[in-house]
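1. Next one to model:
(one chain, ligands or ions: 1)
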Amino acid sequence: MKDLNLAERKNRILDEKDYNPAEALGEKLGWPKQVFHMSHLRDEDFKVGAGLRSYAASRDLGFAAVTGGLAQAHVNRRAKPFNAKDVSIPHFHDVLFHMVYVLKGHAKCEFEGHGVCEVREGSCWIQPPGIKHVILDYSDDYEILEVILPAQYDTFNIAKMPENKG
Ligand SMILES: [Fe+2]
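-> Prediction:
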């Protein structure tokens, strides 16, 4: 990763003759091969219990199989009205990357070091690996897109959220 200088890279447009497949980013990092994949919205693809949480109906976008386990993406709708006992369990995930985009509705979440955040349609955030968080409320129509690396990862429940300072 170090010699890739990711933080300093700039988008460039180059000539095909300048391309060296052996120098491609995926090759340098040894990432799994990816193949083209597309899916379309079908209500019947939302399955309760398919994702991590029983209170969500999840549409798996099929990334895991076509990225060799590198990534997963899903759209989650609410399968049940908010219930703190089932939903508000503080936890963190051992991941490489985790992005959330709110497609519909609204929710209240707490993030370690950032306090309680209200999120709504169009809100988008990245949860750094290991950040402790908890969902405190959601609307019945709350729907999110999540992109997570790798496709399979561990989640650790914790007894309570740390105190938010400042
Ligand atoms: Fe989480």
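2. so where do the helices sit in this protein?
-> For the chain, applying DSSP state H gives helices covering 25-29, 63-66, 84-87.
3. Most tightly packed of those helices?
-> Across those, averaging neighbours per residue (mean count of other C-beta atoms under 10 Å) puts helix 63-66 on top, at a mean of 16. C-beta: built from backbone N, CA, C; applies to glycine.
4. how far is that helix from where the chain is centred?
-> The chain centroid and the centroid of helix 63-66 are separated by 14 Å under C-alpha atoms, centre = their mean, to the nearest Å.
5. who does that helix touch, helix- and strand-wise?
-> The contact analysis (3 or more C-beta pairs under 8 Å, 6 or more residues apart in numbering; DSSP states H and E) places helix 63-66 against strand 72-78.
6. What mean pLDDT does the strand it packs on get?
-> Mean per-residue pLDDT for strand 72-78: 97.
7. Please shift the residue numbers so they start at 3 in all later answers.
-> Sure, I'll start counting at 3 from here, so that last one is strand 74-80.
8. Adjacent strands (with direction) for it?
-> Its sheet considered, strand 74-80 pairs with strand 58-62 (antiparallel), strand 145-151 (antiparallel) by DSSP bridges.
9. Need the winner for burial among those strands.
-> Stretch with highest mean neighbour count among these: strand 58-62 (a mean of 21; mean count of other C-beta under 10 Å).
10. Show me where this protein dips below the pLDDT cut-off.
-> 3-4, 167-168 (pLDDT under 70).
11. Please tell me I have it right and His108 contacts Arg122.
-> Yes: using C-beta atoms under 8 Å, His108 makes contact with Arg122 at a distance of 4.1 Å.
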